[in-house]
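Participant: below is the sequence, then the predicted model.
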Amino acid sequence: MARTQKNKATNYHLGTLKAKLAKLRNELLIEQGGGGSGGPSEGFDVARLGDARVALIGFPSVGKSTLQCKLTGTESEAAAYEFTTLTCIPGTMHYKGSKVQVLDLPGIIEGAAHGKGRGREVIACARNADAILIVLDAGKEGLNRHREILETELETVGIRLNQRPPDVTFNKKSTGGVRFSSTVPLTKLGPDPEKMAIQIMREYKISSADLLAREDITVDQLVDVIVGNRVYKPACYFYNKIDTITIEEVDQLARMPHSLVGSVHKRFNVGEPDEEDALKAMIWRYLGLTRIYTKRKGQHPDLAEPVVLSAVRKGTTVLALCQNISTQMLRDFNFAMVWGKSAKHNPQRCGINHPLEDEDVVQIVTKTNSQQRQDKNYQAMVQGFSDKYHKKKAEARKKKQGKLRG
Ligand SMILES: Nc1nc2c(ncn2[C@@H]2O[C@H](COP(=O)(O)OP(=O)(O)OP(=O)(O)O)[C@@H](O)[C@H]2O)c(=O)[nH]1
Ligand SMILES: [K+]
Ligand SMILES: [Mg+2]
């Protein structure tokens, strides 16, 4: 790709090369049993706890474990030699009534995505987290390159950092050829975007598909859409050990995007587990956490125990709140009364898709029995739940029988 001159004539060729590269990377990962499109992305086996999960990713000895202790109070061994941490150590960070699971992980190095060290498992963990905290040693030489290496390792396995999924619908078909339409002018895919799409799809042996682009996408984004299997994660950066550099250097690092500078040793921007500090605030922001206080009719809300929703998990709508409480609640939902920042007036009567904001108070009003009987959607939903239940049961039975036979 570097050798190809960039002009109109070579545009499609570059597209093809990008698709080939994505494909080869995937194959390599699958070959090594990694998290490619086919293989399972296992990682370390740690139960999911809390309202959201963040993974600590970084080179060896940048201070991930030291940081983990300060964020969560968990004893994760920290020492001056590299690869002190050899497995995944979970801990819980308590902040503003939320519980965030923080995973301390072994350090990774260049080539981690392809299985160097325990890189593959570490990166699989990042794929399964709700947000990634990239930890860097501010005193290390070649710091900017470190940041790039880590980003590349994560990109290689299909993790996209701080990007939105491209606004494109892509449907594979069995016949009919490729049809590529868009609602906006496409300026980044060369004079003939359809030809570009066909070139890329050829690498994946797709000959028929409908594509609809609602934004001006790049070739890389088009490849992502066609390849699929991409995950979009918020990521923030913590430059640790600023006690080892000059104030001018600190100033430069502090201006990097998505970044916070600090020192665990000197307690700059990182305090004790029960203190509110800048790092915890940043994690909270990147997870898009939202506290919702629920209340019963005629009673005060329970301010001690909010329901915490995350924008990067199930979202922060009334629907997500109901799902968080129980399926029963979701089934019986009629409307919600909402007090707080998201309400136009207090209280506002809202539907299931109403987006909530931090510290809103919500009272869910459920359907009365006679309403339930009349509501066709409700009946269909109950039927749906029961069908799903029976199907699952039948599958489990089959599996058990298969196992016995085996
Ligand atoms: N100067 C300075 N040293 C620090 C700071 N934070 C951590 N360290 C030191 O950095 C060394 C490595 O810390 P660890 O927490 O073990 O680093 P790690 O990233 O978990 O390392 P691995 O598990 O081996 O990948 C230890 O000697 C820490 O005492 C800091 O803010 N300033
Ligand atoms: K270490
Ligand atoms: Mg460690």
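Facilitator: On my side now, so go ahead. Note that the structure is a prediction, hence the values are computed from the model and not measured. Numbers count the residues shown, from 1 in each chain. Ligands and ions are numbered 1, 2, ... in the order given.

Participant: burial count for Pro165?
Facilitator: The criterion is other Cβ atoms under 10 Å. On that basis, Pro165 has 12 neighbouring residues. Glycine gets a C-beta too; all of them are placed from N, C-alpha and C.

Participant: from now on call the first residue 18
Facilitator: Sure, I'll start numbering at 18, so the last one becomes Pro182.

Participant: isn't it right up against Val248?
Facilitator: No - shown here, Pro182 and Val248 do not form a contact pair, counting by Cβ atoms under 8 Å, at 9.2 Å.

Participant: how does this protein divide into domains?
Facilitator: As recorded under automatic domain parsing, the domains making up the chain are 28-39+183-246, 69-180+249-302, 307-383, 391-422.

Participant: how far is the last one from where the chain is centred?
Facilitator: In this case it means domain 391-422. 30 Å (Cα atoms, centre = their mean, to the nearest Å).

Participant: now for the closest residue to Gly194 other than its chain neighbours: which residues touch it?
Facilitator: Closest residue to Gly194 apart from its sequence neighbours, by Cβ to Cβ, 6 or more residues apart in numbering: Ser225 at 5.5 Å. Shown in contact with Ser225 (Cβ atoms under 8 Å, 6 or more residues apart in numbering): Lys189, Lys190, Ser191, Thr192, Gly193, Gly194, Val195.

Participant: go with 6 Å
Facilitator: Each residue near Ser225 by Cβ atoms under 6 Å, 6 or more residues apart in numbering is listed here: Lys190, Thr192, Gly193, Gly194.

Participant: what of Ala214?
Facilitator: Counting by Cβ under 6 Å, 6+ apart, Ala214 makes contact with Val195, Phe197, Leu228.

Participant: quick one: the nearest residue to it once chain neighbours are set aside from Leu229, how far?
Facilitator: Spatial nearest neighbour of Ala214, chain neighbours left out: Phe197 (4.9 Å); criterion: Cβ to Cβ, 6+ apart. As judged by Cβ to Cβ, to the nearest Å, Phe197 and Leu229 stand 8 Å apart.

Participant: more neighbours: the two, which one.
Facilitator: Shown here are Phe197 and Leu229; by other Cβ under 10 Å, Phe197 has more neighbours (22 against 14).

Participant: close to ligand 2: what parts of the protein are there?
Facilitator: Proximity of the chain to ligand 2 is assessed by Cβ under 5 Å from the ion, with Ser78, Thr101 identified as the residues in range.

Participant: lowest-pLDDT helix or strand in the chain?
Facilitator: Lowest mean confidence among the helices and strands of the chain (mean pLDDT, DSSP states H and E): helix 386-391, at a mean of 73.

Participant: in that helix, what counts as buried?
Facilitator: Taking 16 or more other Cβ atoms under 10 Å as the neighbour-count basis, helix 386-391 is seen to contain no buried residue.
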